[in-house]
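K.L.:
give me a model of this one.
(2 chains)
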Amino acid sequence: MAEYAILIYAHDSAHAPDATPEDLEQCDQHADELTDSGTMVAAYALTPRDMATSIRGDAITDGPFVESKEVVAGFYVIEAPDLDAALAIARRDPAVASGGGVEVRPVHSSFVRSAAEAAG
Amino acid sequence: MNHAAAVRAAVADTHRREWARVLAATVRVARDLDLAEECVQEAYASALRSWAEAGIPANPAAWLTATAKRRAVDAIRREATARSRLPLLVITADAPDESAGDEPPDPDDPGGAIPDERLRLIFTCCHPALAQEAQMALTLRLVCGVPAPDIARAFLVSDATMAARITRAKKKIATARIPYRVPRTAELPERLGGVLAVIYLLFTTGHTAMSGAALVRAQLVDRAMHLARMLRELIPDDTEVAGLYALLLVTDARRPARTDSDGQLVRLADQDRSRWDLAALAEAHDIIVGCLRAAAPGRYALQAAIASLYAEAPCYEQTDWPQIVALYDRLLQVWPSPVVALNRAVPLAMVRGPAAALADVERLERDARLSRYHYLPAIKAELLSRLGRDADAAAAYRQAFDLAANEAERAFLAGQIHAHTFPR
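P.N.:
Just a heads-up that it's a prediction; the model follows:
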């Protein structure tokens, strides 16, 4: 088994600070499917592009690192035996069918504080 | 032929015909593409020495496979040198026959009930996670055994660039864990499409002769034909596999007449048909008839049918134009490409006249995907010429000339510009 990071690219993240359950319904449904499948290792939904801050050299700027149509809306790490299996999981992300997409990259190494500690 | 020469010939012949079989079998044991490649190279080298002393074996491929596999096993056991730190290949049972498990292929029945090892190799080299130019290079190197410097020359890049391209591809296969196997039934049509596309691209790259690399490019055509033939042996019932093979046969059959003695391009209408390879055309014809009878002939079978119809006519003027237009209509259904729509305009002009075809071409001009495609203004120019609009034709030929990259084609187009600029 190997770990793969799946980065979600979308016009923007649906997880705004004031998002309603209706706004997040599609994402939540997909998240539940992934959790139930047992392949998910970790997942992080990021806030929208307006909340981003970037640093390049000495300069701090407002907004995403690259000005483009899509931003990274979130990412998750899954476990899969090979790339074909990882791709089969990744292509079911709702972003793929709605004008965005995903990037799949093998994880080299990782560290995650235990869930109990992380929840604070 | 003296013994030494006979040995060299036997090794060269086995290299040309059995490289894929030997390498694929060795990959299974080595579980590493680099190691497998090394062991197979060494086996071929040792064959030159060993066969000179002990005679050429009855089954050269089996001898080479056994030798290469032995070397791989020894290398893994020794772990003497710092081998690649990349993960081992993910090798699992082939999907269609999962009950067969991970059995080693029976050497006496290599193509038996278990899918041929060569298929795993081909599908892995043509995996969609690899860039297409990497798929092409890897297929030539691992499936055909073409030395990397020769591949570099064929694609007009430096040896270092090609070596890096191949290394990067192998690294990705190992690190991203692209599985070394034949795809599952559900994925098979799409993945097979990728393999066919690579073979076709190798063929067309070689077929478009470019000055200074003519011989190398002819070798590309040979390798593509070899791959198409191999694929047909491995997957005998697929109409697209058969269709691709037939398409290559027909296209290559016309190669002797494509250029004249000065290396100038000769259009299909003006080609000396007596120089075409009639045996190849006949072989293709039989295959195509079989494909068209199948339930849903795909794009390669239909392209082959079109090419074959052009070739069957006793002369260009007597080509079965309505039938070709009908085939293009079917092709557009399975492959709605603007290039196909453009190519349809040529036979359409013969059936409904140049004005009708011109209307189609002018519509296609608005498709952004064709904006840098030099065949569009070239075909438009041809139609304008037939309508007697010489000045407009010259302008369109000029557009085509500016976009074309191939020397032979540019020379032809320059001639057309001249012919339509000066009053006849």
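
K.L.:
is there a neighbour count for B:Arg372? I'd like the number.
P.N.:
8 (other C-beta atoms under 10 Å in any protein chain shown). C-beta: built from backbone N, CA, C; applies to glycine.

K.L.:
again but with B:Pro149, I slipped
P.N.:
Neighbour tally, B:Pro149, other C-beta under 10 Å: 12.

K.L.:
same thing with A:Ser109?
P.N.:
Around A:Ser109 there are 5 residues (other C-beta under 10 Å).

K.L.:
am I right that it sits in a strand?
P.N.:
No: using DSSP: H, G, I helix; E, B strand; the rest coil, the assignment for A:Ser109 is coil, not a strand.

K.L.:
B:Lys170: which element?
P.N.:
Using DSSP states H and E, the element containing B:Lys170 is helix B:159-175.

K.L.:
is any part of that helix close to chain A?
P.N.:
Yes: on the criterion C-beta under 8 Å from any C-beta of the partner chain, helix B:159-175 is in touch with chain A at B:Thr175.

K.L.:
please identify the buried residues of that helix?
P.N.:
B:Met162, B:Ala163, B:Arg165, B:Ile166, B:Ala169, B:Lys170, B:Lys172, B:Ile173, B:Ala174 (16 or more other C-beta atoms under 10 Å in any protein chain shown).

K.L.:
elements contacting it?
P.N.:
On a contact count with 3 or more C-beta pairs under 8 Å, 6 or more residues apart in numbering or on different chains; DSSP states H and E, helix B:159-175 meets helix B:33-54, helix B:132-138, helix B:148-154.

K.L.:
got the contact list for it?
P.N.:
The contact list for helix B:159-175, computed with C-beta atoms under 8 Å, 6 or more residues apart in numbering or on different chains, reads A:106, B:32-34, B:84, B:86-89, B:124, B:127, B:129-131, B:133-135, B:137-138, B:141, B:148-149, B:151-152, B:155, B:157, B:178, B:180.

K.L.:
ok, and the closest non-adjacent residue to residue 3?
P.N.:
Looking at chain A here, since you left the chain open. Among residues not flanking A:Glu3 along the chain, A:Val107 sits closest, at 4.0 Å (C-beta to C-beta, 6 or more residues apart in numbering or on different chains).

K.L.:
that's the wrong chain, I meant chain B
P.N.:
That would be B:Ala52: by C-beta to C-beta, 6+ apart, it lies 6.8 Å from B:His3.

K.L.:
which residues in the stretch 51-200 of chain B form helices?
P.N.:
Assigned by DSSP state H, counting those that start in this stretch, the stretch 51-200 of chain B shows helices spanning B:60-78, B:117-125, B:132-138, B:148-154, B:159-175, B:188-207.

K.L.:
of all the ones you listed, which one is nearest A:Glu33?
P.N.:
Among the helices of the stretch 51-200 of chain B, the nearest to A:Glu33 by C-beta to C-beta is helix B:188-207 (23.5 Å).

K.L.:
what count of nearby residues applies to B:Arg153?
P.N.:
19.

K.L.:
and if you look at A:Leu34?
P.N.:
Quick note: A:Leu34 (other C-beta under 10 Å) scores 18 neighbours.

K.L.:
and if you look at B:Ala391?
P.N.:
When neighbours are counted by other C-beta under 10 Å, B:Ala391 comes out with 10.

K.L.:
circling back to that earlier point, restricted to buried residues, select the contacts of helix B:159-175 in PyMOL.
P.N.:
Here is the PyMOL command that selects the buried residues among those (16+ other C-beta under 10 Å):
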select buried, (chain A and resi 106) or (chain B and resi 32+33+34+89+124+127+130+134+135+137+138+141+148+151+152+155+157+178+180)
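
K.L.:
sorry, back to before: how about the residue nearest to B:His3, what does it touch?
P.N.:
B:His3, B:Ala4, B:Val7.

K.L.:
out of those, which is nearest to chain A?
P.N.:
Top of the list for closeness to chain A, among the contacts of B:Ala52 and by C-beta to the nearest C-beta, is B:Val7 at 42.0 Å.

K.L.:
I'd say the closest one and B:Ser46 touch.
P.N.:
No: between B:Val7 and B:Ser46 there is no contact under C-beta atoms under 8 Å: 11.9 Å.

K.L.:
how close does B:Arg70 sit to B:Ile76?
P.N.:
Taken as C-beta to C-beta, to the nearest Å, the spacing of B:Arg70 relative to B:Ile76 amounts to 11 Å.

K.L.:
just to revisit the earlier point, take the contacts of B:Ala52 and write them to CSV, including secondary structure.
P.N.:
Shown next, in CSV, are these (three-state DSSP):
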residue, secondary structure
B:His3, helix
B:Ala4, helix
B:Val7, helix
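
K.L.:
ok, and the most crowded of the residues you listed?
P.N.:
Neighbour max across the contacts of B:Ala52 (other C-beta under 10 Å) = B:Val7, 20 neighbours.

K.L.:
quick revisit: adding mean pLDDT, write the helices of the stretch 51-200 of chain B out as CSV.
P.N.:
Converted to CSV, the helices of the stretch 51-200 of chain B look like this (pLDDT from 0 to 100):
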stretch, mean pLDDT
helix B:60-78, 94
helix B:117-125, 95
helix B:132-138, 96
helix B:148-154, 92
helix B:159-175, 96
helix B:188-207, 94
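
K.L.:
so which of those gets nearest A:Pro94?
P.N.:
With C-beta to C-beta as the criterion, A:Pro94 lies closest to helix B:188-207 of the helices of the stretch 51-200 of chain B, at 21.6 Å.

K.L.:
what does that closest one contact?
P.N.:
B:122-123, B:125-128, B:132, B:135-136, B:139-140, B:154-155, B:182-183, B:217-225, B:227-228, B:231, B:235, B:238, B:240-241, B:244, B:247-248, B:251-252, B:255, B:300.

K.L.:
filter the residues you listed down to the ones close to chain A.
P.N.:
Checking the contacts of helix B:188-207 against chain A (C-beta under 8 Å from any C-beta), the matches are B:Pro183.

K.L.:
report the buried members of the contacts of helix B:188-207.
P.N.:
B:122-123, B:125-127, B:135-136, B:139-140, B:154-155, B:182-183, B:217, B:219-221, B:223-225, B:227-228, B:231, B:235, B:238, B:240-241, B:244, B:247-248, B:251-252, B:255, B:300.

K.L.:
assess the claim that B:Leu331 and B:Gln303 are in contact.
P.N.:
Yes: counting by C-beta under 8 Å, B:Leu331 sits close enough to B:Gln303 to count as a contact (6.7 Å).

K.L.:
what sits opposite the one residue sitting closest to the centre of chain A in the beta ladder?
P.N.:
Compute the mean C-alpha point of chain A, and by C-alpha atoms, centre = their mean the closest residue is A:Phe75, 1.9 Å away. Applying DSSP bridges to A:Phe75 gives these bridge partners: A:Leu7, A:Tyr44.
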